[in-house]
Structure formats: structure tokens, C-alpha cells
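Peer 1: Sharing a model prediction with you, sequence too.
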Amino acid sequence: MPELPEVEVVRAGLQAHVAGRVIARVDVLHPRAIRRHELGPEDFTGRLAGARVEAARRRGKYLWLELSDKEAILAHLGMSGQMLVQPEGTPDEKHLRVRVRFDDGGPELRFVDQRTFGGLALADLAGPELLPAPIAHIGRDPMDPAFDPRQAVRALRSRRTEVKRALLDQTLVSGVGNIYADEALWRARLHWSRPTEKLTNAQGSKLLEAATEVMAEALNAGGTSFDALYVNVNGQSGYFERSLNVYGKADQPCPRCGTPIRREPFMNRSSYFCPRCQVRPRRN
């Protein structure tokens, strides 16, 4: 699943190529791509015709296009969703699901999704922050200027669970997924199973600082791409996977101490850590 840096790369591309343009027509080529829009394809395409895209927005891992009438196209990229900007007349991609044409005749926006786990939906913008209603409960991310680290640390410590589970809770701190959680925990020298109630304020602050640092570095590298399915709006892959310290590095030496990295099952996924730098907490 794309995490904050990957989604921010896509958002920046959409802001540059789509913001300020008026939608002329939308073609839904696969109904599953808009299954989250409960009113169906005709409502989706009809309401978008003539709408102006004001801006591309993001909160954590969630992406949307803000429209002129306090609505938004909320995009869920899933495992393989791509938002591509292509010149009109470019041959259709094999897994093209939705096409958005604009009234200026310029490049069109395409939603491509091989596995069809992602999708688009229209949502009302609500509340003082004008967030799409389905994600109004999502917390701020560490790269948000209004993010409050002290409040986030208090929220993490109050969860009474393992620290990695809390870090992945998007209602507490958004944007962090499995990859960057492992990388941040390694930088902060914390084992993924440390109980949050035993996390000190200093450790919590260090963990959030590490998460911010690793995601900023990944953003500068264009995100992390493990296969051809994650790309920016121009179809280019990120390359931060070359800089990962522990994620996906089982049995390779820890860059800090040389101890082989371990992999353990975690919530139907995996956790990667250094058993020497990130000592497993003792159970009472």
C-alpha cells in the first residue's frame, strides 16, 4: 500500500497538472473502480461534468481533488492504483478504469488499477477543515504544519497496545504504514512490540521525529517502489527502497551494528528489526 511519501508525490503531480482545470467529461470503464460511490456511474459522471478542480489535497495516505462546489473526488489507490496524466490520444493502458477529460483539450487524467482494489468516489467536504466526510476521523500526519507532536505522543501512550500497532492507527497519527513504521522504529531503537504504556515521552518524541525524517527522505527520493505498480503521475518510479535500513532486509547485516536483521509475522504482514539495536521488551 502506498504510504505518505508516495501519496504526496502523486498529490504534487496532480496539483501541477490538474488544479485549475474544468472537467468536460468522465468515462467509467470498469464499474468496480467507483464501487465506493454508492449512487453509481451515471451520478458520478454527471456530477463531475463542468466541475472545476480547485486543488489536490492529502491527509496522511488519503488523497482527494477538491472541486468548486464543496465536493471532492476521493481517491483510494489500494495496492496498484495509479493516477496518470497523459496527452489526449495516448493509447489506453491495459488496466485503465476511469478517464477524466478537461475542457481545455489538454492532458487527461487516468485512473489505472491492475488489481482493482482501489477506486474513486465523490464525497462532500465538511467541517472547519473541509475534509471529505469519509476521512474526517483521520488524524494529522507528522509532515502537516499543524501537527502537534506532544499531543500525538500522549495519544500513542494512551492506546495500551504495541507501539507499532499504535503508530499504524491512522486516527492517532496518519500517513505511516508498514514500511516507514519499521524504518522509524529502527532509527528510534525501539522494538515493534514495546507496550505503549511503557513508552516514555522522550521515546515517543524520538519515534515521531524518526518517522518524520524517514518520510521526508523518502519524499525527496520520489517514494518507495518495490515493483512497477507504484509510479508518479508521469509514470516514473521512486527509488527510496535503495535507502531502506531494515524493511525487506531479513538476514542482512544491520547498517548500525552488523547483527542480522530479523523478520517476524505482524498483522498478516511482517516486521523487520535488529535484535541488538531494538531489544525485545520483557513480558511481566
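Peer 2: Yep, it's here.
Peer 1: all strands of the chain, in order?
Peer 2: Ranges of strands in the chain, per DSSP state E, are 23-28, 53-59, 62-67, 71-76, 81-86, 96-102, 108-113, 119-126, 131-132, 262-266, 269-273.
Peer 1: For those strands, could you give me a markdown table that also reports distance to residue 165?
Peer 2: From N, CA and C alone the C-beta is placed, and that goes for glycine too. Output for the strands of the chain, formatted as a markdown table (distance: least, CB to CB, whole Å):
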| stretch | distance to residue 165 |
| --- | --- |
| strand 23-28 | 37 |
| strand 53-59 | 21 |
| strand 62-67 | 20 |
| strand 71-76 | 22 |
| strand 81-86 | 25 |
| strand 96-102 | 33 |
| strand 108-113 | 28 |
| strand 119-126 | 26 |
| strand 131-132 | 24 |
| strand 262-266 | 9 |
| strand 269-273 | 10 |
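Peer 1: Lowest average confidence across those, which one?
Peer 2: Within the strands of the chain, confidence is poorest for strand 81-86, with a mean of 92 (mean pLDDT).
Peer 1: Just put the strands of the chain in TSV and tack on mean neighbour count and distance to residue 178.
Peer 2: Below are the strands of the chain laid out as TSV (neighbours: other CB atoms under 10 Å; distance: least, CB to CB, whole Å):
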stretch	mean neighbour count	distance to residue 178
strand 23-28	18	31
strand 53-59	20	19
strand 62-67	24	17
strand 71-76	23	17
strand 81-86	23	17
strand 96-102	21	25
strand 108-113	24	20
strand 119-126	19	21
strand 131-132	23	24
strand 262-266	15	8
strand 269-273	20	5
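Peer 1: what's the closest of those to residue 212?
Peer 2: For residue 212, the closest of those is strand 53-59, at 15.4 Å, according to CB to CB.
Peer 1: Give me the contacts around the closest one.
Peer 2: Applying CB atoms under 8 Å, 6 or more residues apart in numbering, the contact partners of strand 53-59 are 4, 7-8, 11-12, 14-15, 18-23, 63-68, 72, 131, 135, 138, 140-141, 144, 174.
Peer 1: Buried residues in stretch 31-42, which are they?
Peer 2: Neighbour counts over stretch 31-42 (16 or more other CB atoms under 10 Å) mark 33-34, 37, 41 as buried.
Peer 1: Sounds good, over and out.
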